[in-house]
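**Student:** give me the fold of what follows.
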Amino acid sequence: MKIKITKSNIEEIKKMPKGIHRDSELIGFAVRVTERKQTYIIDKKLGQKVIRYVIGNVGTLTPDEARREAINSLARIAKGIDINAEKKKTQAKSITLKQAYDDYKQTKRLRSTTQAGYDSAFNTVFKDWLDVEITKIDRDMIENKFKDYSKEKPIAANLYFRALKAIFNFAIEKYCVDGEPIIPSNPCNRLNVFKMWNEMKPRDRYVKPTQIKMFFYGVTPDDIDTPYIKAVKNQCKLILFTGLRDQEAACLKCKDVDFEEKTIAIEDTKNHHRHILPFGKWLGEFLAELCKDKKPDDYIFATNNKLGHLKDHRKAVRQISQSCGIEFSLHDLRRTFASIVESDLPFTVSEYLQNRLLNHVQNDVHSKHYIQYDVKALLKPMQAVEDYILTQAGIKEPESENKVIDINNIKKNA
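**Tutor:** I've put the predicted structure just below:
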């Protein structure tokens, strides 16, 4: 049934059954009635598809206002314009950097440390851009801000603008209209093309073989140490023997250690791949002591903070570093483990197994898809690393499999 949509009969139309009630004069103009509301709409064929467009709600617009808008919109469709696509494009272009970043965090599974770094970038360097439409952040803006920030903190500039680049890559795919991105290309690519990234010298510091004894002594807890310092020292020791990343070790729970299978399972890793490492006798006893009197769900390196485990403890690491006379960071200990595996064992460890030990992503197709991984293959190098460290530390005599020296005796006689 057709009825003229006017002010005088709009109340009658609102009471009509659910459905679309068309105007008797303007073809394509109608009121759609549902249980909850009534809306002015238009529909008109464009090529092989019908464009249906919502003008507004009854009550918000008068019938006369809606009719004028309908005439204009129908005329644009008649000229071949897809007004729905234009509306989507306008809405997409209004997405701000903050909205894009929020959508990114909801979509991506970021580690807490990664998100903290991203939050730092967007709450400081890009703070003045948060309410700017993402399509209006252009190459010149990025180049100028990158240059300015690089004068103060060149390394941080690299990290922060790589975070921004990730958000733009996400936005290019996320905000599309009819399959076409509203952002044609990533404006951060200018930093690549012009080779503007600040040069970062690779870090190569590690605990040298001649320093292991002093280091081992320095990270063995004393009676005067607070529980917090003891936890940090024990974490340092675990990373040296396993090559784990800081938070991979810090987040370990007692249930992650399987004393029957003699393995450690790291669930929350940087590359999201479950990491399993076998351990030898000494490390097994060390882990057993750490888990003593704790419940399976307890953190091995428990501390009194919101997370319940070690976090942001670089200051304590520096304190321990100074006390033992060897400058190191937690990542230096991971680098030390890698160095021992590569250079100091009595046999060669393949690149594939080295990557497995360090939980690096396998980049070559052969390693990714054809080599079948068995955790037992890691036991020999893990045991060899343990023996090497204990020997260098003076805990195990050279060329001895069984004679182990008590570290407490060494400390008493030191």
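
**Student:** for the rest of this, base every contact and every neighbour count on C-alpha atoms.
**Tutor:** Will do.

**Student:** contacting residues around Ser350?
**Tutor:** By Cα atoms under 8 Å, 6 or more residues apart in numbering, the contact set of Ser350 is empty.

**Student:** would you map the strands across this protein?
**Tutor:** 19-22, 29-33, 38-46, 49-57, 176-177, 180-181, 257-258, 263-266, 275-278 (DSSP state E).

**Student:** what residues go with each domain of this structure?
**Tutor:** Per automatic domain parsing, the structural domains of the chain span 10-81, 97-193, 209-413.

**Student:** how far off centre is the longest one?
**Tutor:** It stands for domain 209-413. In terms of Cα atoms, centre = their mean, to the nearest Å, the centre of domain 209-413 is set 24 Å apart from its chain centre.

**Student:** could you do stretch 183-201 as well?
**Tutor:** The answer for stretch 183-201 is 21 Å, by Cα atoms, centre = their mean.

**Student:** repeat for stretch 124-133
**Tutor:** 20 Å.

**Student:** tell me the buried residues in it?
**Tutor:** Phe126, Trp129, Leu130, Val132, Glu133 (16 or more other Cα atoms under 10 Å).

**Student:** how about stretch 318-331?
**Tutor:** By neighbour count on 16+ other Cα under 10 Å, the buried set for stretch 318-331 is Ile320, Ser321, Ile326, Glu327, Phe328, Ser329, Leu330, His331.

**Student:** and that stretch, end to end?
**Tutor:** End-to-end distance of stretch 318-331 (Cα to Cα, to the nearest Å): 13 Å.

**Student:** same list, the strands of the chain, but as a markdown table with mean neighbour count and distance to Tyr228 please.
**Tutor:** What follows is those, written out as a markdown table (neighbours: other Cα atoms under 10 Å; distance: least, Cα to Cα, whole Å):
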| stretch | mean neighbour count | distance to Tyr228 |
| --- | --- | --- |
| strand 19-22 | 18 | 69 |
| strand 29-33 | 24 | 66 |
| strand 38-46 | 20 | 64 |
| strand 49-57 | 15 | 62 |
| strand 176-177 | 16 | 50 |
| strand 180-181 | 14 | 51 |
| strand 257-258 | 19 | 21 |
| strand 263-266 | 20 | 22 |
| strand 275-278 | 22 | 26 |
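
**Student:** picking up where we left off before, distance to Lys89 and mean pLDDT added to the domains of the chain, as CSV?
**Tutor:** Shown next, in CSV, are the domains of the chain (distance: least, Cα to Cα, whole Å; pLDDT from 0 to 100):
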stretch, distance to Lys89, mean pLDDT
domain 10-81, 13, 94
domain 97-193, 6, 93
domain 209-413, 35, 88
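
**Student:** closest one to Lys201 among these?
**Tutor:** The closest of the domains of the chain to Lys201 is domain 97-193. By Cα to Cα, the value is 9.9 Å.

**Student:** can you put the domains of the chain in JSON lines and add distance to Met1?
**Tutor:** Output for the domains of the chain, formatted as JSON lines (distance: least, Cα to Cα, whole Å):
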{"stretch": "domain 10-81", "distance to Met1": "7"}
{"stretch": "domain 97-193", "distance to Met1": "34"}
{"stretch": "domain 209-413", "distance to Met1": "60"}
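
**Student:** out of the buried residues of stretch 318-331, who's nearest Val177?
**Tutor:** Nearest to Val177 out of the buried residues of stretch 318-331 is His331 (Cα to Cα; 44.5 Å).

**Student:** surely that closest one is in contact with Gln247?
**Tutor:** No - with contacts counted by Cα atoms under 8 Å, His331 stays clear of Gln247, the gap being 10.6 Å.
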